[in-house]
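# sequence first, then the predicted structure, then my questions.
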Amino acid sequence: MPKKVLSDGTEISQPNRAVDRLMKRLHVREVPDEEKPAMAVRWLDYYRKDRRSLTLAMEGCVKCGVCAEQCHAYLGTKDPNNIPAARADLMRRVYKRYFTVQGRLFGKLVGAVEMTMDVLEKWYSYYYQCSECRRCGHVCPFGIDTCEVTMAGREILWALGFVPELQGAASAMVFERGNQGGMTQAAIVDTHEFLTDEMEEERGFRIEFPVDKPNSDILYVPSSADYLLNAETLKGAAQFFEYVGANWTISSYMLEAGNFGLLTDQRSVQRELVRRLWWSVADLGIKKVVFGECGHGWRAWKMYTETLTDYAVAGPGYTYTKVPLVNIHQEVVALLKAGKLKLDPKNNRLAPVGTYVTLHDPCNYVRADQLGDVFRYVLYNSVPAVREMYPIKEKNFCCGGGSAILYDDPEMYNLRIKFFQKKADQVRASGANHICTPCSICKAQFYPMVKEHNLTTEDGKTIMPVNGLIDFLGAALVFKGHRQI
Amino acid sequence: MYFFVGKVLPYITVAILLGGITWRVWRWTIGRIKFNITIPPFPSSWPAAVLWIVWQIVSFWNVFKFDRPLWFGAWPMHVALAAIGGGHVLGVYTLGMQFHLLLPWLVTEHQSEAASNFLGTVFGIIFFVALLYLLYRRLAIEKVRVISATSDYLHLLLLLAIVGIGDYMRLVKTASLHYDEARHFMAGLFTFNPHPLPDNFFFFLHFLFVQIMLLIFPFSKLMHPFGILWNRWIINRPYQQPPMGMPGTKITL
Ligand code: SF4
Ligand code: SF4
Ligand code: SF4
């Protein structure tokens, strides 16, 4: 999309907007331009009364500036609007004008501004430059979570008809097929067969992927992007379930660990995923749901499912506590620590000896569930050598792809490259020659970005490979004969 | 003017301050804590969560870890503020005898008053210098300047004025006000029998500016001591992880 020019002449980059036909599929009716500002204020009023986290983010900031140097988006672009406090200020100024005493009385003096189309256009630019990584929330002395502001901003924009094409298309697929990649059952089975053949070549025996198998104990929910981009992660998970002899299945009705609803539209898209999850659980007799690799996805399932699971979505009886939701990493580590998995790090198909793997901690896994140590436990046991970057764990910087701002148009793609700057510096300084990141959005960002930033192995020519964590685990599992029992 | 500031305004100020704080906090509780959106560390129990919040508040831990230069301004500033606030209450109420009353066998009355004067002066100067540094920082560091509104500077200037006048009264004998005069005046206010303001222009200004600060307190970012409690209440809370171990597998935990 060409740059958007505001009425004062400034140019901003924005993601491509969804066409009307796509918005209909998302149940979004575009509000006419002249009504948008007034409507946005009404939505803001709704959200401030709905979520305490938003009200506090609006009213609690003291502008200390601690968060500024901590946001990879600001570090990469040096655009002052990408300072977390300034990003939140795009909304806070309007909030002040309409919902606070000081803003109504003193206006500009306290930084309050009217809601206009320009403000909304800026929102659409800068709320889609935030990756909702929550590093700012982690460092803020008050714990102000700018991600909450971004989310509310995006939801308001969404309701007004500012829908980015990428998130819109993926979300429409959620309504129609239950996953963001638009995979049909036939395509899923097809991919599985292909992967089973591949594993037969590597391992010498077939490992099947059960699909929609009734009376399964475990529902494995991979990220649908794994089918298109990260086949190794699927193979890793299949090998793990085969190894432990699980009665597991994959549901074609609910094939999405990721959750664009969390990122853009919690009211309907995220609810739809929650509904599909509980329906699959009921239909297939599931006792435990294991989620595959996806950072923001896990945050959504861990933190939001309980509230979003209400009678209307799940029907009576299917509640959070009855069927536990976990992620695959934690299950793997529990078994590893109990000494039940035999791994051979020296004999890993994906990481031959001489490979130095560095681990990029996906923000949402480490800042929503502190899984840094869990990842490391798996990784150190699966690959020959690890070289850490700095900082790591919950202090890690985002890769810049978070919240699926994975736009391809030249303007936004350029920004993506800049958002990755900090990460590229970190990887380079680590001295590793292979990247591991257990998040499908991270992977989708890394694949092109290692090329753009020319992150190479020692020879200076080969671009660094990128893999998930379960990929390495699967390849390091030692099967005795066919079944490990 | 002296009549209004000394006898009427204080009651208005206190009413607006308390009413304003209550109103503002009530507003914060309209929205509910919808999702358990916690941030590391993930304490496993409520006491651990509360301990973390308290630690954050007394040490400014995040500022210390992520913005050391700011910490060297902000933390001493707030400590001085706390000391001076406490000192005003105790010093004026006990006429500077607070240390003597606390440790009668160790500190004489005379020493207590000297200590009270000394600490008041020292913290007053720390407060002033730290505020100046914060103002400088807001102006000089670009990333902080761009996120600042005019009111952010005005808050600092107002505090500087209050502290500057206070320090001046401490340091310049002719401008100073004795504890007993202040106590007499305050006692009048508290017993709803207001006495006239002491005849000291600096005290008048000091007292007026403090009231202005208290008046805007509930309607500005000065509310942040409450804000930190309410916000951390959302993001620092315990979480119980579902038990590990997969049902129906041949290899089990
Ligand atoms: S660190 Fe927190 S309080 Fe400070 S400017 Fe950023 S959001 Fe505001
Ligand atoms: S959530 Fe991440 S990208 Fe967004 S403002 Fe905060 S640090 Fe920046
Ligand atoms: S893409 Fe990866 S690094 Fe970035 S927010 Fe998601 S989990 Fe975090």
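Done, it's in. Ligands and ions are numbered 1, 2, ... in the order given.
# how many neighbours does A:Glu201 have?
7 (other C-beta atoms under 10 Å in any protein chain shown). C-beta here means a position set from N, CA and C on the backbone, and glycine is covered the same way.
# same question, the one 3 residues further on
A count of neighbours around A:Gly204, defined by other C-beta under 10 Å, yields 10.
# I'd guessed A:Cys294 sits against A:Ser224; true?
No. When contacts are counted by C-beta atoms under 8 Å, A:Cys294 is not listed as touching A:Ser224 (9.6 Å).
# overlap in contacts, those two.
Here A:Cys294 and A:Ser224 have A:Gly258 as joint contacts, going by C-beta atoms under 8 Å, 6 or more residues apart in numbering or on different chains.
# more neighbours: those two, which one.
The neighbour comparison of A:Cys294 against A:Ser224 (other C-beta under 10 Å) goes to A:Cys294, with 32 against 26.
# show me what contacts that one?
Under the criterion of C-beta under 8 Å, 6+ apart, the neighbours of A:Cys294 are A:223, A:257-259, A:439-441.
# any idea how far it is from A:Ser216?
Computed as C-beta to C-beta, to the nearest Å, the A:Cys294 to A:Ser216 distance reads 21 Å.
# one more: B:Tyr153?
In terms of C-beta to C-beta, B:Tyr153 sits 63 Å off from A:Ser216.
# more crowded one of the two?
Between B:Tyr153 and A:Ser216, counted using other C-beta under 10 Å, the more crowded position is A:Ser216 (20 against 14).
# and the more buried one, what does it touch?
If you count contacts by C-beta under 8 Å, 6+ apart, A:Ser216 has them with A:210, A:247-249, A:284-286.
# and it, that's in a helix?
No. Under DSSP: H, G, I helix; E, B strand; the rest coil, A:Ser216 falls outside any helix and is assigned coil.
# check the residue of the stretch 201-350 of chain A found nearest chain B and give its pLDDT.
Nearest residue of the stretch 201-350 of chain A to chain B: A:Gly245, at 3.0 Å (C-beta to the nearest C-beta). We have a pLDDT of 87 for A:Gly245.
# so how many other residues sit close to it?
The number of residues packed around A:Gly245, counting by other C-beta under 10 Å, is 16.
# please name the nearest non-neighbouring residue to it.
Of all residues not flanking A:Gly245 in the chain, B:Lys250 sits nearest, at 3.0 Å (C-beta to C-beta, 6 or more residues apart in numbering or on different chains).
# where does the one you found sit: helix, strand or coil?
coil.
# distance of it relative to ligand 3?
Distance from B:Lys250 to ligand 3, counting by C-beta to the nearest ligand atom, to the nearest Å: 33 Å.
# so chain A: which segments form each domain?
Following automatic domain parsing, chain A resolves into domains at A:29-162, A:170-330, A:340-476.
# let me know which of those domains is the nearest to B:Arg170.
B:Arg170 lies closest to domain A:29-162 among the domains of chain A, at 27.8 Å (C-beta to C-beta).
# just read off the phi/psi values of the residue nearest to A:Gly245.
Dihedral pair for B:Lys250: phi -80, psi -40, per degrees, to the nearest 10.
# I figured it hits A:Val244, correct?
Yes. The pair B:Lys250 and A:Val244 qualifies as a contact (C-beta under 8 Å) at a distance of 6.6 Å.
# would you point out which residue is most central in chain A?
The centroid of chain A falls nearest to A:His296 when counting by C-alpha atoms, centre = their mean (3.3 Å).
# quick one: residues contacting that residue.
Contacts of A:His296 (C-beta under 8 Å, 6+ apart): A:132, A:258-259, A:262-263, A:364, A:402-403, A:439, A:441.
# return only those of those found close to ligand 1.
When contact is defined as C-beta under 6 Å from any ligand atom, the contacts of A:His296 do not meet ligand 1 at all.
# of those residues, which is the nearest to A:Asp471?
Lowest distance from A:Asp471 to the contacts of A:His296 (C-beta to C-beta) belongs to A:Cys439, with 12.4 Å.
# what about B:Asn36, neighbour count?
Residues lying near B:Asn36 (other C-beta under 10 Å) number 16.
# for ligand 3, see how far away the residue nearest to it when sequence neighbours are not counted is.
Nearest residue to B:Asn36, sequence neighbours excluded (C-beta to C-beta, 6+ apart): A:Met303, at 5.1 Å. Per C-beta to the nearest ligand atom, A:Met303 is found 14 Å from ligand 3.
# now A:Leu6. Nearest residue, chain neighbours left out?
A:Leu6 sits nearest to A:Asp118 (C-beta to C-beta, 6+ apart), 4.8 Å away.
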